[in-house]
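With the input below, show me the fold.
(chains A and B)
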Amino acid sequence: QKEVEQNSGPLSVPEGAIASLNCTYSDRGSQSFFWYRQYSGKSPELIMFIYSNGDKEDGRFTAQLNKASQYVSLLIRDSQPSDSATYLCAVRPGNTGKLIFGQGTTLQVKP
Amino acid sequence: SAVISQKPSRDICQRGTSLTIQCQVDSQVTMMFWYRQQPGQSLTLIATANQGSEATYESGFVIDKFPISRPNLTFSTLTVSNMSPEDSSIYLCSVPLGPQLGGYTFGSGTRLTVV
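Numbering: from 1, shown residues only, chains lettered A, B, ... in the order given. Take a look at the predicted model:
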């Protein structure tokens, strides 16, 4: 079992729709969870991080964390073609500084 | 938040040679991390660069192949030694964004092709 799992996609949604990206993790001791966006040929860019159970909203993005079920999700409202990218879920185990990444989900937003 | 300057941005190298990648941060950071992203894959942590002590390597990565220097709190290098085509990847350094910001930022990456 991989430590951080994501559906590689591609996930295709029409412009204006809600895109839902999911991630599960195996280490129950994980404390911090991150969503990164990576455009082709570019380095990852932090979208959001979440530490506590529940929802965290930032503009069109909402991160959801359920530690009991060991999953993290990212909702993108009013999806735009510019949101088309690979979304990487990352987990920080315990109090370490390192991140463990999922394989990423490719999102395609069609005009 | 911290800003990283990474170089070179890309290189094409002959097998058996070595390449040193540099990351300069515009502020002092305790931890710096080196990742590898193989073609079509996600990021894998190579090692944590510690100032004043040896780097801490992840399983599957060894110091002889990926020596790391960390002479001060703003700079680190990663060397890819005795390269083979399997080392063709993007190499990225990463540091915490800032004490109150959470998350980590990445350098622009070094795209290495070994021929």
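
Surely A:Arg28 and A:Gln70 touch.
Yes: at 6.7 Å, A:Arg28 and A:Gln70 qualify as touching, with contact defined as CB atoms under 8 Å. For the C-beta atoms, the positions are set from N, CA and C on the backbone; glycine is no exception.

Those two: who's more crowded?
A:Gln70 (16 against 9; other CB atoms under 10 Å in any protein chain shown).

Please tell me how far the more buried one sits from chain B.
18 Å (CB to the nearest CB, to the nearest Å).

So what's the residue count around residue 91?
Since no chain was named, I'll use chain A. 23.

That was the other one, I meant chain B.
22.

That one contacts B:Val114, correct?
No: the pair B:Tyr91 / B:Val114 is not scored as a contact, 11.9 Å apart, by CB under 8 Å.

and the nearest residue to B:Pro8 once chain neighbours are set aside, what is it in contact with?
Nearest-residue entry for B:Pro8: B:Thr110, 5.9 Å, with adjacent residues in sequence omitted and distances by CB to CB, 6 or more residues apart in numbering or on different chains. By CB atoms under 8 Å, 6 or more residues apart in numbering or on different chains, the contact set of B:Thr110 is B:Gln6, B:Lys7, B:Pro8, B:Ser9, B:Arg10, B:Asp11, B:Ile21, B:Ile90, B:Tyr91, B:Leu92.

Please name the bridge partners of B:Thr110.
Applying DSSP bridges to B:Thr110 gives these bridge partners: B:Tyr91.

for A:Gln38, same thing?
Under the criterion used (DSSP bridges), A:Gln38 bridges to A:Thr86.

if I look at it, how far off is B:Phe106?
Look at A:Gln38 and B:Phe106: by CB to CB, to the nearest Å, they are 9 Å apart.

likewise A:Thr106?
From A:Thr106 to B:Phe106 the distance is 19 Å (CB to CB).

Is it correct that B:Leu45 is in contact with B:Gln37?
No: contact between B:Leu45 and B:Gln37 fails when scored by CB under 8 Å: they sit 10.8 Å apart.

For the two, list the residues in contact with both.
By CB under 8 Å, 6+ apart, no residue touches both B:Leu45 and B:Gln37.

Now do the SS call for B:Gly98.
Secondary structure, DSSP: H, G, I helix; E, B strand; the rest coil: B:Gly98 is coil.

tell me the contacts of it?
B:Gly98 neighbours (CB under 8 Å, 6+ apart): B:Ser1, B:Ala2, B:Ser27.

Would you report the backbone torsion angles of A:Ser82?
The phi/psi pair for A:Ser82 (degrees, to the nearest 10) reads phi -70, psi -10.

List the residue ranges of chain A that fall below the pLDDT cut-off.
In the predicted model, chain A carries pLDDT under 70 at residues A:1.
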